[in-house]
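Peer 1: Please work out how this folds:
(chains A and B)
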Amino acid sequence: MPGASWGVSSYVPVPTDDFAEFYEASYGRVVALVAAITGERHQAEDIAQEAFARALTRWSRVARYDLPEAWVRRVALRLSIDAGRRTRRAALLSLRLADGLRSGPARDPLAATALSVALLRLPLAQRQVVVLYYLADLPVEEIARDLGVSVGTVRTRLAAARQRLERELTESDSSGGVSRAR
Amino acid sequence: MLDEELRAGLAEWVRPVASLPAPDIRVLRRRARRRGMRRAATAAVMTAVVAATAIGITVGVSRSPAPVAVAPLAAPGTWHPGRWFPAGALSPPDAGPAVAPYVVTTGGGAGRAVVTNVFTGRTTGTISPPPGSSLAGVAAAGDDHTFLLAARGATSVGFYEERLGDSGRPGPLVLVFSLPGRTVPWFAVSPDARVLAYAPADQIRTISLATGVGRSWTAGDGKAIDLSLASDGTLVFEWLPGGSLAHAQARLLDTASPGLGVARVLVPGCANVADLVCLPLSPLITPDGSAVFVTYLFNGKGGLVAQMQEFSARTGRMLRAVTPAVPSQRQVAVCQALWSDPGGSQLTAFCGRAGTIAGGRFSPASWQLPAGSLSRDGESVGW
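Peer 2: Presented below is the predicted three-dimensional model:
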């Protein structure tokens, strides 16, 4: 099944002129990437579809890139940053006195694990780096290109995130918190 | 060890999502088509603006992210000539403590509106809706006695002028303008009751109730809510890009100017600044157009706080903090401006309940606004 698995071995972007083939092969990876950043499934699907729709309208150009999936991924990353801001603010909007315009996407969070809880507590910039490095298995140079920052910044964020994750996961283990994913 | 654990843990966590089949490609085509249509619509508006400029119509485009530009739009609606009557004169600025004595609220039973004397808390009268309709919105003029009420009927929304007598007893409703449809738009009336401003869908419109002359503006890719109109034609509103409150801005539009139709950003949100929240909500302009009160939600020490602030309508600079910043969880302490005297020196507000604000202190009134009186369609409190 297209996009049926995630992992290092499955992350093999396939250059192709056929958008449908490209879309089916890479959709699951892009959704998973966004879901890991946002922690929500519906939102991740929405963002991924939007990114692919944008690729579709520019396919004659995007298809010529070495890695069209990298283009889609970057679009999805940008969209997930915007969506994160919207969601955060939407949660605050119930405070509004003239009510009735509360907004925000329907939430469908992924099942919580100790790791996911710790990951979602990271600042967005660190979370992105962790997901791109550990889940998408991208080299820091490519992460830097994706995020438009320097390689040094990626390394710094990665180190800080790793340190924080390690601390939180250790505390979670010792406090018998949410069961850890295996 | 942690690296391997992170790789395996993340892959396992998102596995249910990663295995999702890609939706039919037609879903993407529809999305792409919708975006294309939005772009085409935007381009059409801009083309109209440019064309109108070329033929000498005074139009303009906003320099802010989402333009609000005058456009030659044919606005539906029926003006009823010869019925409008002007509101009384505004009280002089700084005339001493003189809170407007009457508040009119809709949302009560049987589609009626209720007039309350704010000093005694007593009901001085009820306003019955025209047959077959219900009163669903109200805006106050500046003389403390004249109101504009919106009545939702079966196929249209009628705007009725109402003048209270000296004792607060309501007079007859006078139909001055009507719109097709059943949706009551957000609306405001000028202090002299001469101009009605309203915001249907993604537009802003004004109609002179005295002459029937109307103007329309597009609201860009957004929606204008919480309208408030000053004597000089300055309209302040909360602008929601994409209809979402998440990136709200307070904007000003000079509706009286024959020149540029530019909606100026008075209080920007901070949508492009990560990890910050700053939402200017529920703006109210003083009748003389000099200042705007905004309920401002922002990151403070220890979390999100809300504070009512006053801004200069001319320069956009913050003039003062009207209330202390309070944790936004304390909804009863978060204030929304409802009425100000001509110059903004006196203010009434809803802070969980209605009352007055002076010297940064809120004094609750002895009576309560009806539950749910702050609603999404139009305005349901006229003060």
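
Peer 1: Assign a three-state SS to the nearest residue to A:L119 once chain neighbours are set aside, would you?
Peer 2: Nearest residue to A:L119, sequence neighbours excluded (CB to CB, 6 or more residues apart in numbering or on different chains): A:R127, at 6.0 Å. The C-beta positions use only the backbone N, C-alpha and C, and glycine is treated the same way. Each residue gets one of three states, and A:R127 gets helix by DSSP: H, G, I helix; E, B strand; the rest coil.

Peer 1: contacting residues around A:R127?
Peer 2: A:A36, A:I37, A:L119, A:L120, A:A161 (CB atoms under 8 Å, 6 or more residues apart in numbering or on different chains).

Peer 1: Same question for B:A154.
Peer 2: The contact partners of B:A154, taken as CB under 8 Å, 6+ apart, are B:G132, B:S133, B:R182.

Peer 1: out of the residues you listed, which are buried?
Peer 2: Listed as buried from the contacts of B:A154 are B:S133; burial here means 16 or more other CB atoms under 10 Å in any protein chain shown.

Peer 1: Closest to chain A out of the contacts of B:A154?
Peer 2: Taking CB to the nearest CB as the measure, B:R182 is the one of the contacts of B:A154 closest to chain A, at 16.6 Å.

Peer 1: got the domain boundaries for chain A?
Peer 2: According to automatic domain parsing, chain A comprises the domains A:11-110, A:111-182.

Peer 1: Give me whichever of these is most buried.
Peer 2: domain A:11-110 (a mean of 19; mean count of other CB atoms under 10 Å in any protein chain shown).

Peer 1: still on that earlier bit, would you turn the contacts of B:A154 into TSV with distance to B:D3?
Peer 2: Shown next, in TSV, are these (distance: CB to CB, whole Å):
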residue	distance to B:D3
B:G132	71
B:S133	68
B:R182	61
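
Peer 1: so can I have JSON lines of the contacts of B:A154 showing pLDDT, secondary structure and distance to A:A53?
Peer 2: Shown next, in JSON lines, are the contacts of B:A154 (pLDDT from 0 to 100; DSSP: H, G, I helix; E, B strand; the rest coil; distance: CB to CB, whole Å):
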{"residue": "B:G132", "pLDDT": "92", "secondary structure": "coil", "distance to A:A53": "46"}
{"residue": "B:S133", "pLDDT": "93", "secondary structure": "coil", "distance to A:A53": "44"}
{"residue": "B:R182", "pLDDT": "84", "secondary structure": "coil", "distance to A:A53": "34"}
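
Peer 1: one step back: would you mind giving the domains of chain A as a markdown table with mean pLDDT added?
Peer 2: Listed next are the domains of chain A as a markdown table, based on pLDDT from 0 to 100:
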| stretch | mean pLDDT |
| --- | --- |
| domain A:11-110 | 71 |
| domain A:111-182 | 80 |
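
Peer 1: could those domains be laid out in CSV, adding distance to B:T120?
Peer 2: Shown next, in CSV, are the domains of chain A (distance: least, CB to CB, whole Å):
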stretch, distance to B:T120
domain A:11-110, 25
domain A:111-182, 54
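
Peer 1: For B:L164, which of those domains is the nearest?
Peer 2: domain A:11-110 (24.3 Å; CB to CB).

Peer 1: ok, residues contacting stretch A:129-146?
Peer 2: So stretch A:129-146 is in contact with A:6, A:8, A:11, A:29, A:32-33, A:36-37, A:70, A:73-74, A:77, A:119, A:122, A:147, A:150-151, A:153-155, A:157-158, A:161-162, A:165, B:3, B:6-7, B:10-11, B:14, going by CB under 8 Å, 6+ apart.

Peer 1: Just the ones in helices from those residues, please.
Peer 2: Per DSSP state H, helices hold the following members of the contacts of stretch A:129-146: A:29, A:32-33, A:36-37, A:70, A:73-74, A:77, A:119, A:147, A:151, A:153-155, A:157-158, A:161-162, A:165, B:3, B:6-7, B:10-11, B:14.

Peer 1: pLDDT value on B:E310, please?
Peer 2: We have a pLDDT of 93 for B:E310.

Peer 1: where's it relative to B:L279, distance?
Peer 2: Distance, B:E310 to B:L279, using CB to CB, to the nearest Å: 17 Å.

Peer 1: Quick one: residues contacting B:S128.
Peer 2: B:S128 neighbours (CB under 8 Å, 6+ apart): B:A110, B:R112.

Peer 1: Over to it: give its phi and psi.
Peer 2: Torsion angles at B:S128 (phi, psi; degrees, to the nearest 10) stand at phi -80, psi 140.

Peer 1: Quick check: it vs chain A, distance?
Peer 2: Remark: distance between B:S128 and chain A (CB to the nearest CB, to the nearest Å) = 25 Å.

Peer 1: Could you pull out the buried residues of stretch B:357-369?
Peer 2: Under the neighbour-count criterion of 16+ other CB under 10 Å, stretch B:357-369 has B:I357, B:F362, B:A365, B:W367, B:L369 buried.

Peer 1: Does the second one lie in a helix or a strand, and which?
Peer 2: Using DSSP states H and E, the element containing B:F362 is strand B:361-364.

Peer 1: B:E4 - how many residues pack around it?
Peer 2: When neighbours are counted by other CB atoms under 10 Å in any protein chain shown, B:E4 registers 9.

Peer 1: In three-state terms, how would the closest residue to B:R7 other than its chain neighbours be classified?
Peer 2: Distances taken as CB to CB, 6+ apart place A:Y134 nearest to B:R7, at 5.0 Å, with adjacent residues excluded. Following three-state DSSP, A:Y134 is assigned to helix.
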